[in-house]
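>>> Sequence and predicted structure, then a few things I'm wondering about:
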Amino acid sequence: MLSAHSPAQSGARQVGAATPLSICLATHNAHKVAELRALLQQHAPTLAAGLRLLSLSELGVHEAAVEDGSDCPSNAYKKARHAAERTGLWSLADDSGLFVKALSGAPGVHSARYGGEPAEGQSQDARNRQVLLSALAQVPLALRGAFFLCVLCLHPPVAAQAPASAALFAEGRCRGHLLLAESGGGGFGYDPLFVPDAAELAEAGLGSDRAGLSFGVLTSEDKNQLSHRTRALLALLPALSLLQAPDSASRLSSS
């Protein structure tokens, strides 16, 4: 799903084949940066060659956006706008969450810090999984339905304090269920607990031999065929491609 909010601003940069266009990835999360770069290379290698994806850390921006929105689109916009103001670049933000039916949609927008402060020597991801398993302790496997949601927001360069400007949004989901215990050490976040539905595997062209495997067990290539982030990025590819056109600002405003 791709949607736009507010009229487009000028300021898109023209780029030639020998000059990749720099885009800020509005995150300090190294896992997300690596996954987005891999996704772009896997699904659009020609486009990937013309774009240079740089994290906030790589651009010397250490201040994080305030993520106080009530949903993923709101937080994605806040992060993209924050990055665009501070870098002067087109900025791409990702806001994702795990939504568990038995927990009335939790962790949802609070997925990143759901577990609270981790113990000494424990990662935030491990703490989040620990608390989630505890919350689901009395919930049988058959009732552990869940889905991952990713919302991407692409924001043009903007001066600080400028009025609300153009923002393009794309959304992706992946449905599945949560295991009784962690399985696999791959991926990040809640990946070792999440098993995609058989229908999701089939839609992505993956064989039945992957059925029952968590995102923590699937190879990164397999995960990148069907993940929520994959689907959101695929929906955004047309807009990213237009950034390389000479009249990209006007063309994006009409998309």
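Structure received.
>>> Helices of the stretch 151-255 of the chain, start to end?
198-203, 220-226, 228-242, 248-253 (DSSP state H, counting those that start in this stretch).
>>> got those helices as JSON lines, with mean neighbour count and mean pLDDT columns?
C-beta here means a position set from N, CA and C on the backbone, and glycine is covered the same way. Output for the helices of the stretch 151-255 of the chain, formatted as JSON lines (neighbours: other CB atoms under 10 Å; pLDDT from 0 to 100):
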{"stretch": "helix 198-203", "mean neighbour count": "16", "mean pLDDT": "96"}
{"stretch": "helix 220-226", "mean neighbour count": "19", "mean pLDDT": "94"}
{"stretch": "helix 228-242", "mean neighbour count": "20", "mean pLDDT": "95"}
{"stretch": "helix 248-253", "mean neighbour count": "18", "mean pLDDT": "55"}
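>>> Format those helices as JSON lines; extra columns: distance to residue 157.
Output for these, formatted as JSON lines (distance: least, CB to CB, whole Å):
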{"stretch": "helix 198-203", "distance to residue 157": "36"}
{"stretch": "helix 220-226", "distance to residue 157": "29"}
{"stretch": "helix 228-242", "distance to residue 157": "15"}
{"stretch": "helix 248-253", "distance to residue 157": "10"}
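>>> The most centrally placed residue in the chain: helix or strand, and which one exactly?
Central residue of the chain (CA atoms, centre = their mean): residue 94, 3.8 Å from the mean position. Using DSSP states H and E, residue 94 maps to strand 90-100.
>>> quick one: which of the helices of the stretch 151-255 of the chain is nearest residue 67?
Residue 67 lies closest to helix 228-242 among the helices of the stretch 151-255 of the chain, at 17.3 Å (CB to CB).
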